[in-house]
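>>> the amino acid sequence is not available; the structure is as follows:
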Ligand SMILES: Nc1nc2c(c(=O)[nH]1)N(C=O)[C@@H](CNc1ccc(C(=O)N[C@@H](CCC(=O)O)C(=O)O)cc1)CN2
Ligand SMILES: Nc1ncnc2c1ncn2[C@@H]1O[C@H](COP(=O)(O)OP(=O)(O)OP(=O)(O)O)[C@@H](O)[C@H]1O
């Protein structure tokens, strides 16, 4: 069944992430992600005031702290998720400086002009494998039509020539941003 296949793949990808992350230079990657997302927002024509959904990276993930600070400095509105008890996602707005603004509800996804999502891997068809909560599969259908979703990965985490397990609820993503560049999978 697809769910157990996924958990095996997830185990392998988590182990791979630990190995890759141990070799990465976090400060350099933080700066590289700023540069790549800078290219992306210009390509998308996102003006100051546009809303970007990001997240607060934890150890081992591609680092988002510099990226989020840069986005705020450019005048974007930056929303990051709060995991709710049912594994759905609420959101709050990052404020320049440290503090957070008010908590926003589930429907804040509808404000997004761009989504930068976490994940463990993305394949060549845009199938994303995440941490197994299904959080983004719940949240992403609330975005407006056409709003791009890009997953931040480490170099080496794209499964460009492979096929990740995809279930009916899985929301395909539009692209991947790594410290090495922006990558656009072909839709399935
Ligand atoms: N930095 C960061 N923030 C993030 C995510 C992420 O991947 N990275 N998320 C990306 O989604 C969301 C949190 N994801 C979560 C994924 C799983 C579980 C969780 O409790 N999992 C259970 C097993 C669930 C199950 O299999 O039914 C567990 O680990 O015990 C919680 C949050 C939102 N915030
Ligand atoms: N839209 C949804 N509504 C209700 N439950 C869902 C939905 N999407 C996914 N789920 C549940 O979440 C579980 C985990 O999904 P999945 O393995 O695809 O997570 P993931 O995308 O890797 O995780 P995450 O988004 O948290 O990083 C699924 O088995 C399913 O039961």
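Noted; the coordinates are in hand. Note that the structure is predicted; figures quoted are calculated from it, not measured. Residues are numbered from 1 along each chain as shown. Ligands and ions are numbered 1, 2, ... in the order given.
>>> contact residues of this protein facing ligand 2?
3, 6, 129-138, 169-170 (CB under 6 Å from any ligand atom). Glycine gets a C-beta too; all of them are placed from N, C-alpha and C.
>>> can you do 8 Å?
With CB under 8 Å from any ligand atom as the criterion, the chain meets ligand 2 at residues 3, 6-7, 10, 87, 117-120, 128-139, 141, 167, 169-170.
>>> of the residues you listed, which belong to strands?
117, 128, 129 (DSSP state E).
>>> hmm, residue 118 and the second one touching each other?
No - with contact defined as CB atoms under 8 Å, residue 128 does not count as touching residue 118 (9.3 Å).
>>> same drill for those two, tell me which one is more crowded.
Ranked by neighbour count (other CB atoms under 10 Å), residue 128 and residue 118 place residue 128 first, with 25 against 21.
>>> residue contacts, that one?
Contact partners of residue 128, counting by CB atoms under 8 Å, 6 or more residues apart in numbering, are 117, 119, 121, 122, 136, 151, 164, 170, 171, 172, 173.
>>> 10 Å instead, please
117-122, 136-137, 140, 149, 151, 153, 164, 166, 170-173, 176, 185 (CB atoms under 10 Å, 6 or more residues apart in numbering).
>>> so for it, what's the pLDDT?
Looking at residue 128, its pLDDT reads 98.
>>> give the bridge partners for it, please.
residue 122 (DSSP bridges).
>>> roughly how far apart are it and residue 135?
12 Å (CB to CB, to the nearest Å).
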